[in-house]
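>>> whatever this is, show me its structure:
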Amino acid sequence: MPEIPEIDDQSCLASGGVTFAEKKAIILEEYRFSYQGNVPDAWAEALHGLISDPVWQTVKQRLVILSDGDFAHFVKATTEISNHNRIDAQTGTVEDGALFNLECVPAETLFISALHLIGRKETGIKRKDACDARIYTSDCEKLITSLITKSPLLQFGGSSTTGRGFCSISLT
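Model (predicted):
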């Protein structure tokens, strides 16, 4: 992958679908960023190819790369945090000490993680070496791949009834 050039604060690299005013400015939320150049094509292609999710099919046209300082500001200042109270189902009133915060990452956030598979000890083996702790199954990768292939939509965390926590997952 080509190296991404150093990006100045209040500037960005952007794909063609997000620039305004003759490629001189990009608006994110209420902030104006100076256009410093194009996102390298190799990066746009690589990100586009990561996920087959329909939302990501337009990523090549909507990619913006910010400086570390500007990105840190967005993470700190624009992550949605909302306060909630848990309601007692019996009384219909707020439970004592039931205040909690809900933090939500923005839609279209891409998380990338390594997945390390560890086999499990085989059970039900009728061989004399069945007690050997070195015997593990090799079906973990098949199991995970099968689960993700059958159900690539995952919901984690709370608030599923309000549409929170849904994401698509894929193995690459």
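>>> what are the buried residues along stretch 44-62?
Under the neighbour-count criterion of 16 or more other CB atoms under 10 Å, stretch 44-62 has 44, 48, 51, 53, 56, 59-60, 62 buried. Using the backbone N, CA and C atoms, a C-beta is placed for each residue, glycine as well.
>>> repeat that for stretch 3-10.
I7.
>>> mean confidence score for that stretch?
Averaged across stretch 3-10, pLDDT comes to 91.
>>> go on, stretch 106-117?
pLDDT averaged over stretch 106-117 gives 75.
>>> how long is it from one end to the other?
29 Å (CA to CA, to the nearest Å).
>>> which residues sit in contact with L171?
Each residue near L171 by CB atoms under 8 Å, 6 or more residues apart in numbering is listed here: 115, 144-145, 148.
>>> which one of the buried residues of stretch 44-62 is nearest D96?
Ranked by distance to D96 (CB to CB), these are led by D53 at 42.1 Å.
>>> filter the buried residues of stretch 44-62 down to the ones in strands?
Counting by DSSP state E, those place none of their members in strands.
>>> can you add distance to I87 and pLDDT and give those residues back as CSV?
Formatted as CSV, these follow (distance: CB to CB, whole Å; pLDDT from 0 to 100):
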residue, distance to I87, pLDDT
A44, 46, 84
H48, 44, 79
I51, 37, 73
D53, 35, 72
W56, 37, 74
V59, 40, 79
K60, 45, 81
R62, 39, 84
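>>> can you list the domains in this protein?
Structural domains annotated on the chain: 11-78, 80-168, as defined by automatic domain parsing.
>>> in a markdown table, list those along with distance to P5.
Shown next, in a markdown table, are the domains of the chain (distance: least, CB to CB, whole Å):
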| stretch | distance to P5 |
| --- | --- |
| domain 11-78 | 7 |
| domain 80-168 | 21 |
